[in-house]
Every structure is written in structure tokens, then in C-alpha cells.
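S.K.: one predicted model, sequence on top.
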Amino acid sequence: MAKVSVERQELARVSAAGIVAGIIAGLFLVAMLLVSMAVKGQDLWLAFKGASAPFFHVRATQPGFDAGPVLVGAFFHFLISAGWGWAFAVVCYGLSRPATIVAGALWGVVVWLGMYYVLLPLVGMRAMTRSVPVGMAIFEHMLFGFIIGLSFLPFQRRVPNRWPLPGSPSRP
């Protein structure tokens, strides 16, 4: 009974850490997008409104501040980032520190595939997948994953034989 309680506490700790790591990576992604948009002289509010397009449609693409799309877009951007961070933590908990960083960058490819081929088309935003060159999109998402990995490092604990091979002795 005590072992189950400890495992639940550890899962809660790891889950919270992953959510925090995802939000940090989401902040990094927004900052990177804002810098890119500022350099190009584009409307910065669009960086916050993008994730609200499934709800606000054309209104989310209009220049300037609009509280509804800005708040909804920011909320969903960080909710999705937190979700990817949580999933990373659950999948990658127990890796070594170097493996966590590498796994983070590779996780960015998983995030790109999930966003560009599942989530965005599912919510009617397939056109957004064509607005950024594929190589750049993959690079940006690998940076996102890398930041998740780095942000998760303080919470990572090495678990030997995290995934034992079939036929190998299991952990005690």
C-alpha cells in the first residue's frame, strides 16, 4: 500500500514538472515568434491570437488587439504546451541527463508530427501547416522539445533499467 502511495506521489511530482517544462517551452516559442514577427514588421498580437482561430476564425487573423482571441489563443497555446510537456515527462522520466536533452529535441519532432498532421488538421487549421516551410517548422519544434528537456532536468531522476529489454532481469 505504501509503495502505491509513493508511486502516486512521484507521478504527481513528475507530471507537475512536465507541465512546468511545457509552459516554459511555450513561453520560449512565443518569444521566438514575437522576435521573428517584430523583425518582419508584422503585428505582434497575431502571435497570441493564432491558437484561437478554431473558435474565432477570421477574427483571430485580424491585426491589432482583440481581447477575446488574445486571451483564448494564449490560454490554448499554453494548455497545449503544458500537455506536450506532461507527455514528455511521463515518457522520458528516468532517463540520464544527457539522454533527457537528446530526447527533448527528438520529442520536438513528435510534437511537430502531432501538431501538423493530427491536431491542426483536426481543428480546421490545415492552412497553418503550409504557412511555415517544413524545415523551419521542424527546427522550431525541435527547439521547443529541447527547451522541454532542459526545463525538465531539475526534476529528472535517473531510474536504471527504465525500460528493461524482454528477457532481461526486471528491477527489484
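M.R.: Looks like it came in fine.
S.K.: C-alpha from now on. contacts and neighbour counts both.
M.R.: Will do.
S.K.: Glu7: how many residues sit nearby?
M.R.: 11 (other CA atoms under 10 Å).
S.K.: quickly note the distance from it to Ser96.
M.R.: 20 Å (CA to CA, to the nearest Å).
S.K.: try Arg126
M.R.: 37 Å.
S.K.: would you mind listing the buried residues in the longest helix seen in the chain?
M.R.: Longest helix in the chain, counting residues (DSSP state H): helix 2-40. For helix 2-40, burial by neighbour count (16 or more other CA atoms under 10 Å) applies to 14-30, 33-34, 37.
S.K.: over to stretch 60-79?
M.R.: Applying 16+ other CA under 10 Å to stretch 60-79 flags 60-61, 69-70, 72-79 as buried.
S.K.: hmm, who's touching it?
M.R.: 22-23, 26-27, 43, 45-46, 48-53, 56, 59 (CA atoms under 8 Å, 6 or more residues apart in numbering).
S.K.: which non-adjacent residue is nearest Met37?
M.R.: Leaving aside its chain neighbours, Met37 sits nearest to Leu44 (6.3 Å; criterion: CA to CA, 6 or more residues apart in numbering).
S.K.: next one: the longest helix of the chain to chain centre, how far?
M.R.: The chain centroid and the centroid of helix 2-40 are separated by 7 Å under CA atoms, centre = their mean, to the nearest Å.
S.K.: likewise stretch 135-151?
M.R.: 8 Å.
S.K.: show me what contacts Phe144?
M.R.: Taking CA under 8 Å, 6+ apart, one finds 25-26, 28-29, 105, 108 in contact with Phe144.
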